[in-house]
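# What would the 3D arrangement of this be:
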Amino acid sequence: MTKITKTEEPSLMKYTLMLAMAGLLSTSLLQNTDAAEPDGREVFTRNCSVCHTINPPPKTAPPIGPVAGRYRQKFSTKAEGVAYMVNFIKAPSKEKSVVDTDAIDRFGLMPPMPGLDEKELTAVAGWIWDQPWGGRGQGGGQGKKGQGNGDCQ
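I've put the predicted structure just below:
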């Protein structure tokens, strides 16, 4: 067994300390990489699925499939739709809502989601935009203005 002398002891401690710091730094960098790219489905599951289902029947808020369909009807590009959706989620209002006013009467206006940062909002809005909805089945059909609205009634 090798005996550690007093002159070697500081270098061994320094080496151990450097290894520990490198480990903490790499763990921190890995966590920041994960935080840089939130998964929209995970954000939905963690924050939105308490009130929203993906497809009908609804819980306490309109299902996301029909909402996605409404955004795709209103906006010609995903970028426009996602930006509008993020803005709406930050500060919901009847004027900014894309769902039929009957849905707001039925479910009430969505509360703001202050616990989500910009990246999480963008990720979940992009994921919502991508949800398929053809307006068929429960919750689809014709709105009051004669166009398929996909809102639950």
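
# Once you drop chain neighbours, what's closest to Val43?
Val124 (4.1 Å; CB to CB, 6 or more residues apart in numbering). (Glycine included, C-beta is placed from N, CA and C.)

# and that neighbour, what helix or strand is that in?
Mapping Val124 onto the secondary structure by DSSP states H and E places it in helix 118-129.

# Next: Gly69.
Assigning secondary structure by DSSP H and E places Gly69 in helix 64-74.

# Quick one: mean pLDDT for that helix?
For helix 64-74, mean pLDDT rounds to 95.

# same question, stretch 42-56
For stretch 42-56, the per-residue pLDDT averages 95.

# who touches that stretch?
58-67, 110, 113, 115-116, 120, 123-124, 127-128, 131, 133, 137-139, 152 (CB atoms under 8 Å, 6 or more residues apart in numbering).

# and the closest residue to Lys119 other than its chain neighbours, how far is that from Arg72?
Distance criterion CB to CB, 6+ apart; nearest residue to Lys119, sequence neighbours excluded, is Pro38 at 5.5 Å. According to CB to CB, to the nearest Å, Pro38 stands 22 Å off from Arg72.

# wouldn't the residue nearest to Lys119 be in contact with Leu121 here?
No - using CB atoms under 8 Å, Pro38 is not in contact with Leu121, being 9.2 Å away.

# Please say which of those two ends up with more neighbours.
Legend: neighbour count by other CB atoms under 10 Å for Pro38 and Leu121, higher for Leu121 (22 against 19).

# list the contacts for that one?
Applying CB under 8 Å, 6+ apart, we find Leu121 in contact with Val86, Ile89, Lys90, Met113.

# returning to what we had before: tell me how many other residues surround the residue nearest to Val43.
Neighbours around Val124, by other CB under 10 Å: 28.

# got it, and Leu116?
Counted with other CB under 10 Å, residues neighbouring Leu116 total 20.

# Run a quick neighbour tally on the residue nearest to it when sequence neighbours are not counted.
Distances taken as CB to CB, 6+ apart put Asn47 closest to Leu116, at 6.4 Å, once the chain neighbours are dropped. For Asn47, the count of nearby residues is 17 (other CB under 10 Å).

# Then Glu120?
22.

# re earlier: quick check: angle from the helix holding Val124 to helix 64-74?
In terms of direction (axes from the mean of the first three to the mean of the last three CA atoms, to 10 degrees), helix 118-129 departs from helix 64-74 by 90 degrees.
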